[in-house]
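Visitor: pasting the sequence and the predicted model now:
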Amino acid sequence: MRIIVQRVKNCSVSVKELIVGKIEYGLLVYLGVEKGDSSVDLNYLQKKIISLRIFNDINAQMNLSVKDINASILVVSQFTICADTRKGNRPSYNNAEKPDIARKIYLSFIEKLKETGLNIQSGEFQEKMEVSSTNDGPVTILLDSRKIF
């Protein structure tokens, strides 16, 4: 499972010109589900995102997590971050999980985040979405559950 985390001042996601998810200060999380991902990947990344210390403390040091400051999270499905670009110029998406399985994992991930009590918003799986955000910092982190095992 691959995730791109961005610290944002605000962000929103729209489907067919209607806003379906919107947050102010917090995290924009792009989630890509790869073949073979399981609850182990999901649990690891959920805990990592909640605890990732990328928000500034009173000394302007990145020492606080989204949980520490009670910020919000917007999750957007993004199979394209599973792309393999090692051969040629056209990305291969062979590593991306099949949509029916990926949808279940995506929805489970959102539910797991909601258990934290934070404000969790989301896009709509397998829809054409427009994402608008103001990256704060900028701070952008790539997390890959396969790189920890």
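Guide: In hand now; what should we look at?
Visitor: tell me where this structure has helices.
Guide: Applying DSSP state H to the chain gives helices spanning 39-51, 99-114.
Visitor: note down every partner strand of the longest strand along the chain and its orientation.
Guide: In the chain, assigned by DSSP state E, the strand with the most residues is strand 129-144. Using DSSP bridges, the strands paired with strand 129-144 are strand 2-15 (antiparallel).
Visitor: relative to helix 39-51, how tilted is the strand it pairs with?
Guide: 80 degrees (axes from the mean of the first three to the mean of the last three Cα atoms, to 10 degrees).
Visitor: tell me the average confidence for strand 2-15?
Guide: Mean pLDDT, strand 2-15: 98.
Visitor: and that strand, how far from the chain's centre?
Guide: Offset of strand 2-15 from its chain centre (Cα atoms, centre = their mean, to the nearest Å): 7 Å.
Visitor: check stretch 75-95 too.
Guide: On Cα atoms, centre = their mean, the centre of stretch 75-95 falls 16 Å from that of its chain.
Visitor: who's the residue most central in space within the chain bridged to?
Guide: For the chain, the residue nearest the mean C-alpha position is Val29 (2.2 Å; Cα atoms, centre = their mean). Using DSSP bridges, the beta-bridge partners of Val29 come out as Val5, Val75.
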